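> would you be able to build a 3D model of this:
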Amino acid sequence: MAHNYPCDWKAGFVMDPSQKQRVGYLLALEGNDWVLAQDIQVFSPFQAGAPAAGTFGTAASTFTAGAAANLDKCVGIIEAYNYEGGVGDAICISAYISADSGAILKGKMQSTLTSTIIKKLSWWIVNFDEDKKVWYEEAYPKTPSVVNGQLNAPGGKDIRLQVADDPTKVHPNIDVNVYNLYFEVVPAANCLFSLQFATSSTTPFIKNWGLKVGKAAVAALPAPT
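Residues are numbered from 1 along each chain as shown. Take a look at the predicted model:
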């Protein structure tokens, strides 16, 4: 079962909670020898006193809110999220990141990416329940709140990590550029994560991502080539 979450990244970037559109935030993205900073400040649709006292909800209890009760920082604004639902399926994210983050990733890719390890990955997608008239958390990693894995690389060579060459302006009247980032991550070996989803404020469900096997089974696995 596929879960596609297209988001209007511009609305999310300068978010007006009254618009009540789905929004998604990339909260953490860190590789083996690189890390992207939370250098984009946005408004959370949750009001003060809502989940986690106005911070980025359940998914990001370890992330600190900004000066305002519903003002937070993130790595990027999610444009699209896709996960097919299987334990080994890739999590595919398209997001807009800062020029500094774009430069970090481009530098790593141009000097040959030495590792496909993703040490930290977290996201938070929220939507508005029109029937109940409340915001709800639609997708985020539940246990733990930050997952790890590796970049998807079908065939061992086609590494699914791309950063746009050309910048995109946040708004015609604002001289700030962001860069589109697309990546796919598969779960780390012998790890199990719980991903939270919901189709409304009253219909949450869990999907397991990754797989753990017993020690004897691990020992019987063939050595990697």
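> tell me the mean pLDDT for stretch 111-119?
Throughout stretch 111-119, pLDDT has a mean value of 87.
> tell me the buried residues in it?
113, 116, 118-119 (16 or more other C-beta atoms under 10 Å). Every C-beta, even on glycine, is put in place using the N, C-alpha and C of the backbone.
> same check, this time on stretch 100-107
101-102, 104-105.
> and stretch 194-202, by the same measure?
For stretch 194-202, by 16+ other C-beta under 10 Å, it's 195-198, 201.
> returning to what we had before: the buried residues of stretch 111-119: which two are farthest apart?
For the buried residues of stretch 111-119, the maximum inter-member distance is 14.1 Å, found between 113 and 119 (C-beta to C-beta).
> which strands or helices does the longest helix seen in the chain pack on?
Taking DSSP state H as the criterion, the chain has its longest helix at helix 99-110. Packed against helix 99-110 by the contact rule (3 or more C-beta pairs under 8 Å, 6 or more residues apart in numbering; DSSP states H and E) you find strand 161-163, strand 174-187.
> want to try TSV for those strands, with mean neighbour count as columns?
Listed next are the helices and strands packed on helix 99-110 as TSV, based on neighbours: other C-beta atoms under 10 Å:
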stretch	mean neighbour count
strand 161-163	17
strand 174-187	18
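> a markdown table for those strands, including distance to residue 134 and mean pLDDT?
Output for these, formatted as a markdown table (distance: least, C-beta to C-beta, whole Å; pLDDT from 0 to 100):
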| stretch | distance to residue 134 | mean pLDDT |
| --- | --- | --- |
| strand 161-163 | 36 | 95 |
| strand 174-187 | 30 | 92 |
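> of all the ones you listed, which one is nearest residue 143?
For those, proximity to residue 143 was assessed by C-beta to C-beta; strand 174-187 is nearest, at 13.3 Å.
> same for the closest one, what does it pack against?
By 3+ C-beta pairs under 8 Å, 6+ apart, strand 174-187 packs against strand 76-83, strand 91-98, helix 99-110, strand 147-151, strand 161-163, strand 168-171.
> look up how far residue 196 lies from the spatially most central residue of the chain.
In the chain, the centroid-proximal residue (C-alpha atoms, centre = their mean) is residue 123; its distance is 3.2 Å. Distance of residue 123 to residue 196, given as C-beta to C-beta, to the nearest Å: 11 Å.
> try residue 178
Applying C-beta to C-beta to residue 178 and residue 196 gives a distance of 27 Å.
> all helices of the protein, in order?
Using DSSP H, helices in the chain cover 9-13, 99-110, 215-220.
> with adjacent residues omitted, what lies nearest to residue 202?
Sequence neighbours aside, residue 132 is the residue nearest to residue 202 in space, at 7.1 Å (criterion: C-beta to C-beta, 6 or more residues apart in numbering).
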